[in-house]
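> turn this into a structure:
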Amino acid sequence: MQSYNKLVEVTVIALETLLCGAAFELFCLLLDDTHWEKVLNAPKLQIVLTLMLCYLLCSAQRSVMLYRRKVYAYQIVTVVCWNICSYAVLSGVILAAGQYMDVWSYFFAGYIVFLFVCMLVFRLGFRCFIKRVRIGGKDRREVLLVGSTENNLQLYYELTSETWAGYDVAGYFDNEPNPDFPEECSYLGKPQEAIAFLKAHERIRDLFCCLQPAEKEVILQLINYCENHLVHFYSVPDVHNYFQNQMYLERIGMVPYLTLRREPLSRLGNQVLKRSFDIVFSFLFLCTLFPFIWLVVGTVTKCTMPGPVFFRQKRNGLGDKEFYCYKFRSMRLNADADVVQATENDPRVTRWGHFLRRSSLDETPQFLNVLRGDMSIVGPRPHMLKHTEEYSKLINKYMVRHYVKPGITGWSQVSGFRGETKALDDMENRIRNDIWYIEHWSFMLDLYIIYKTVANALRGEKNAY
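Numbering: from 1, shown residues only. Here you go, the predicted model:
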């Protein structure tokens, strides 16, 4: 199995390295006899070899992923994005230092975009080829289940739900048949008989065991047999009764333990990347567009309603710490601003306020919060103190959203859960999306959320009131 994975990885990297050079040659050919040729200051072969070496170094740093049994398109796109970004930086620095070509030209930018498309098509196409091979009956893995708890039942459906994953389940062993298992998954006998079955079926290379600790002797026998006969043994912990979500194995020294979730933003490198982006992005916005927005919004606000231009409100942030969140005021002065959520056709919101809310311009002062470090550009939206107090008692795992800084925009907002929460289900869906964001954070995901936020703001959001 390892040799097969390595073969796929080496093949893909080698073909992509060749494709990198071929794409440059093709791009030059497409722009032959144009002024773009002037950006090349070295022999083309020398540039091509340099580019291929740079790509080889960058692609070798990340998993190819294509050999995995279950891998999805968005994961492949993410890896390609990171490969091309790191390649663009490395090759740009080397080409500029050696004065091989003008890397600040549209030619080089066009080549990078062209290469990104080529690599995306290649990897997605290669993945489709692997899927067809597995659907056709080749490159399949036969597995065996021991124990029929809820976890192994769910595992069965995960293994067989996608034909292209290439898993075939031979059946399951347990002390008695489980009526919840489908007929397609045969009951093969008691756990003590599993070793004899493995001896008679040498094609089985994976065994998933979910027996109770009381059956320690049987488990040890299975482990010893598997370890001595090239069968991969996997222990499936029976924690479904009290852990309903995904878990991860971690270690403190030599002691293993299970954690409920992985939090990418708990890593220092990711924190530095996110904070650096927040500072640069918010600083540029506050120095360029914000003064003009402030001037226009401030003038119209003063002309349409009495009171201050800015509205500040205490909200809950990272670690449930309270901070003042800033907005452009969109409501008339009222005593309920800190306790009552804005609703559709809210009489407190002025006509100018409706425009600010629909265009999301009322949120732009929060870039000041980002620069101060109270907020991030992307993250779970901060809630009023009253809402946090109420919903934390009504919704399970509500407080998990405070593991990260709140954001000006977030995954929930671009997924359709912006605006008034008319029912408890609305807030539960929002919290579910906030937790998903915390567990799946990536820099590319942040950029995608920013793009979706801008696109929604330009279209105008129906739930922004």
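
> okay, now the unreliable bits of the stretch 351-465 of the chain?
By pLDDT under 70, the low-scoring segments of the stretch 351-465 of the chain are 419-422, 460-465.

> the same query, at a cut-off of 90, please.
Counting by pLDDT under 90, the stretch 351-465 of the chain contains low-confidence ranges at 351-363, 384-387, 389-397, 400, 412-429, 432, 439-440, 444, 452-465.

> neighbours of residue 25, how many?
Here the count is done by other C-beta atoms under 10 Å, and residue 25 has 13 residues near it. Using the backbone N, CA and C atoms, a C-beta is placed for each residue, glycine as well.

> hmm, residue 48 and it touching each other?
Yes - with contact taken as C-beta atoms under 8 Å, residue 25 and residue 48 are classed as touching, separated by 6.6 Å.

> who touches residue 399 in this structure?
With contacts defined as C-beta atoms under 8 Å, 6 or more residues apart in numbering, the neighbours of residue 399 are 320, 392.

> let's see that with 10 Å instead.
If you count contacts by C-beta atoms under 10 Å, 6 or more residues apart in numbering, residue 399 has them with 316, 319-320, 388, 391-392, 431.

> for the residues you listed, which one is nearest residue 73?
Relative to residue 73, the closest of these is residue 431; by C-beta to C-beta it sits at 27.1 Å.

> the closest one contacts residue 397, correct?
Yes - taking contacts as C-beta atoms under 10 Å, residue 431 lies within contact range of residue 397: 6.8 Å.

> between these two, which is the more surrounded one?
The residue with more neighbours, out of residue 431 and residue 397 and counting by other C-beta under 10 Å, is residue 431; that gives 21 against 15.

> what's the local residue count around residue 458?
Residues near residue 458, counting by other C-beta under 10 Å, number 9.

> what's the helix or strand for it?
Here residue 458, judged by DSSP states H and E, is contained in helix 443-459.

> check residue 374 too.
Once you assign secondary structure using DSSP H and E, residue 374 falls outside every helix and strand.

> next one: it from residue 365, what distance?
12 Å (C-beta to C-beta, to the nearest Å).

> can you check residue 85 too?
Note on residue 85: its distance to residue 365, by C-beta to C-beta, is 31 Å.

> who has more neighbours, the two?
Neighbours per residue (other C-beta under 10 Å) separate residue 85 from residue 365, with residue 365 holding more: 23 against 15.

> how about the contacts made by that one?
Residue 365 makes contact with 286, 290, 293-294, 297, 309-312, 325-329, 408 under the criterion C-beta under 10 Å, 6+ apart.

> one more time with 6 Å
With contact set as C-beta atoms under 6 Å, 6 or more residues apart in numbering, residue 365 has these partners: 326-327.

> same question for residue 233.
The neighbours of residue 233, taking C-beta under 6 Å, 6+ apart as the test, are 207, 223, 226.

> ok now the helix or strand that contains it, how far from the chain's centre?
Secondary-structure assignment from DSSP H and E places residue 233 in strand 232-235. Put simply, strand 232-235 sits 28 Å off its chain's centre (C-alpha atoms, centre = their mean, to the nearest Å).

> next one: stretch 417-435
The gap between the average C-alpha position of stretch 417-435 and the chain average comes to 20 Å, counting by C-alpha atoms, centre = their mean.

> again with stretch 363-371
If you compare the mean C-alpha spot of stretch 363-371 with that of the full chain, they lie 25 Å apart, counting by C-alpha atoms, centre = their mean.

> tell me where the model's unsure across the stretch 151-300 of the chain.
Answering for the stretch 151-300 of the chain: the residues below the bar, that is pLDDT under 90, span 151-168, 175, 178-186, 202-203, 205-206, 210-216, 226-232, 234-270, 297-300.

> strands of that one, start to end?
The residue ranges that make up the strands of the stretch 151-300 of the chain, judged by DSSP state E, counting those that start in this stretch, are 167-173, 187-189, 204-209, 232-235, 248-252, 255-259.

> tell me the buried residues in the fourth one?
When you say that, I think you mean strand 232-235. residue 233 (16 or more other C-beta atoms under 10 Å).

> that strand pairs with which strands, parallel or anti?
strand 204-209 (parallel) (DSSP bridges).

> what does the fifth one give?
Here strand 248-252 has these sheet partners by DSSP bridges: strand 255-259 (antiparallel).

> setting aside sequence neighbours, what's the nearest residue to residue 316?
The spatial neighbour of residue 316 that comes closest, neighbours along the chain excluded (C-beta to C-beta, 6 or more residues apart in numbering), is residue 388 at 4.6 Å.

> continuing past the strand or helix carrying the one you found, what's the next helix or strand?
Of the helices and strands defined by DSSP H and E, residue 388 is found in helix 385-394. Scanning forward in sequence from helix 385-394, with DSSP H and E defining helices and strands, the next element found is strand 407-409.
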